[in-house]
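1. build the 3D model from these lines:
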Amino acid sequence: MSTTFDNGFETFGATFKKAVLRMGARRVLAYVDVAVKRRTKAGDFLPGSSPSAGGYSEKPFARPAGGLKKKTLDALDDTDRGSSFFTRQGALWVVVEGGYKDLRQIEGKQNAHVDLLYSGALLDATRDNVRTGAATLEMEYGYLDGKSPADAARVAYWHQEAGAGKGKTKRVFIGLTPAEEKHLLGMLNEEARKALLGG
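-> Next up, the predicted model:
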């Protein structure tokens, strides 16, 4: 899954291509990367996201105890925030009464808004690619096949497209807001102006 910024130069012609190449497609993609990560860390998601996208669930849930730190398990067992039980197969599970929001608080992570930063690996896995042809320039950003780690790409797919968790909550974060697009076009227009003036 990725966002492609493609222009066949029908509108901007060779001047646009020259401006982008002059500015450096990498600089354009660096702006996109910063915009996406800054917005996502702030819990701001794009249109198409579920109404509940910005908040962590407060619904009780059960999960395997494996993977949780001892401190987290102790906090759940020693308070009314949770309980533990063994399955018929003998596996230890925990119930988190305050939902994922409370689990994040117990683990010392911010829980005021969803930021997709549990470990940082998800946002660190974005990649970009630039392809140029005689009459085309294509810049691609997101989770790219063969470039992004498969685990992160799968988690991103759940958030971005399929919906995460039992509630299938969509959090669309790859792409640009209209304000970000306007800023990016302003950067490109300035480079195009310089290219036209021969600067």
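2. mean confidence score for the longest helix seen in the chain?
-> Using DSSP state H, we find that the single longest helix of the chain is helix 178-196. On average, the pLDDT along helix 178-196 is 80.
3. determine how far it lies from the middle of the whole chain.
-> Helix 178-196 has its C-alpha centroid displaced from the chain centroid by 24 Å (Cα atoms, centre = their mean, to the nearest Å).
4. cool, stretch 108-123 as well?
-> 10 Å.
5. which residues touch it?
-> 36-37, 40-43, 45, 53-56, 101-102, 104-105, 149, 151-152, 155-156, 159, 171, 173 (Cβ atoms under 8 Å, 6 or more residues apart in numbering). (Glycine included, C-beta is placed from N, CA and C.)
6. skipping its backbone neighbours, what lies nearest the residue positioned nearest the centre of the chain in space?
-> Per Cα atoms, centre = their mean, the C-alpha nearest to the average position across the chain is that of F173, at 4.8 Å. Leaving out its chain neighbours, the residue that sits closest to F173 by Cβ to Cβ, 6 or more residues apart in numbering is T40, at 4.5 Å.
7. returning to that earlier point: so the residue nearest to the centre of the chain sits right up against K41, yeah?
-> No: in this structure, F173 is not within contact of K41 by Cβ atoms under 8 Å, at 9.9 Å.
8. domain parsing for this protein?
-> Annotated domains of the chain cover 2-54+114-196, 61-106 [automatic domain parsing].
9. so how far is the longest one off the chain centroid?
-> Read it as domain 2-54+114-196. With Cα atoms, centre = their mean, you get 10 Å for domain 2-54+114-196.
10. helices along the chain, start to end?
-> Using DSSP H, the helices of the chain run over 13-23, 25-41, 70-77, 99-106, 121-124, 150-157, 178-196.
11. now which of the contacts of stretch 108-123 would you call buried?
-> Neighbour counting by 16 or more other Cβ atoms under 10 Å classes 36-37, 40-41, 43, 45, 53-54, 56, 101-102, 104-105, 152, 155-156, 159, 171, 173 among the contacts of stretch 108-123 as buried.
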